[in-house]
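Enquirer: sequence and predicted structure below; questions after.
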Amino acid sequence: MLPRPRSTLLVFVLFVVVRSAMAAAGGSISGLVRDPQGAVIAGAQLTLVNTALKTEFKGASDNQGFYSFPALPVGHYDLTVALPGFETQRKSNIAVDADAAVTVNFSLAIQTQSQTVTVKESQANVQTQVDTVATHLGEVVQDAQIQAIPLNGRSYTDLLAIQPGITPVTTLTPTSVIMAGVTGTINPSGDLNPGDLSIDGQRESANGF
């Protein structure tokens, strides 16, 4: 058997890397659909619309009443759930930030007449949960935080230290062994601010920018 051309393997690897980066750049919306007594509802039809791009996503609740829209682009969304015998309910202005896992639950009322209930989402009634599936981490730094923090040299890496579990640290010295035959220090962000930060106890050399 002839060996696979190296160029084909390279294209495949690049494709996987690009797809992974795209998946990590967005967020997700998930939740439960229940009736007024709290019992889960299976087969509820959900329609999710990106208010800026006007792109539409379809989904349905499973036998446990759970639904999920993974890998969504960052933006604001309107989510509608409908099922015969129940009042159609819509929740609007759901904000999805980078790497956010947003929980939006529904409690559908029994239909008495044809009507649609619209709930405008706010920061107070939208829950953000820990993503237990993906291994990557992400956080959105609001503009008010950026404006309130003095940045030495306007280096974006200075903003990382305001997140929990991140500590500026330097463990490498000019004589540290980085790999076989290589000694010295590593500046993850090149010639800018060194970006030497320990994230959840890891060494700064584990970071890349």
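Expert: Right, received. Where do you want to start? Residues are numbered from 1 along each chain as shown.
Enquirer: at which residues are the helices of this structure located?
Expert: Under the criterion DSSP state H, helices of the chain are mapped to 6-25, 143-148.
Enquirer: just the mean pLDDT for the shortest one, thanks.
Expert: When the per-residue pLDDT values of helix 143-148 are averaged, the result is 75.
Enquirer: next, count neighbours for Ile29.
Expert: 24 (other CB atoms under 10 Å). From N, CA and C alone the C-beta is placed, and that goes for glycine too.
Enquirer: from here on, call the first residue 629.
Expert: Fine by me, first position is 629 from now on; the one you just mentioned is Ile657.
Enquirer: give the contact list for it.
Expert: Shown in contact with Ile657 (CB atoms under 8 Å, 6 or more residues apart in numbering): Leu676, Ser696, Phe697, Leu700, Tyr705, Leu707, Ile722, Val724, Val730, Thr731, Val732.
Enquirer: of those, select the buried ones using a ChimeraX command.
Expert: In ChimeraX, this line selects whichever of the contacts of Ile657 come out buried by 16 or more other CB atoms under 10 Å:
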select :676,697,700,705,707,722,724,730,732
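Enquirer: quick check, nearest of the contacts of Ile657 to Ala670?
Expert: Taking CB to CB as the measure, Ser696 is the one of the contacts of Ile657 closest to Ala670, at 14.2 Å.
Enquirer: so how far is Val668 from the residue lying closest to the closest one once chain neighbours are set aside?
Expert: Distances taken as CB to CB, 6 or more residues apart in numbering place Ser658 nearest to Ser696, at 4.0 Å, with adjacent residues excluded. As defined by CB to CB, to the nearest Å, Ser658 lies at a distance of 14 Å from Val668.
Enquirer: not counting its neighbours along the chain, what's nearest Gln692?
Expert: Sequence neighbours aside, Val668 is the residue nearest to Gln692 in space, at 5.8 Å (criterion: CB to CB, 6+ apart).
Enquirer: isn't the one you found right up against Leu711?
Expert: No. Between Val668 and Leu711 there is no contact, the gap being 12.0 Å when judged by CB atoms under 8 Å.
Enquirer: neighbour count winner among the two?
Expert: Leu711 (21 against 15).
Enquirer: pLDDT wise, what is that one at?
Expert: At Leu711, the pLDDT value in this model is 94.
Enquirer: many thanks, we can stop here.
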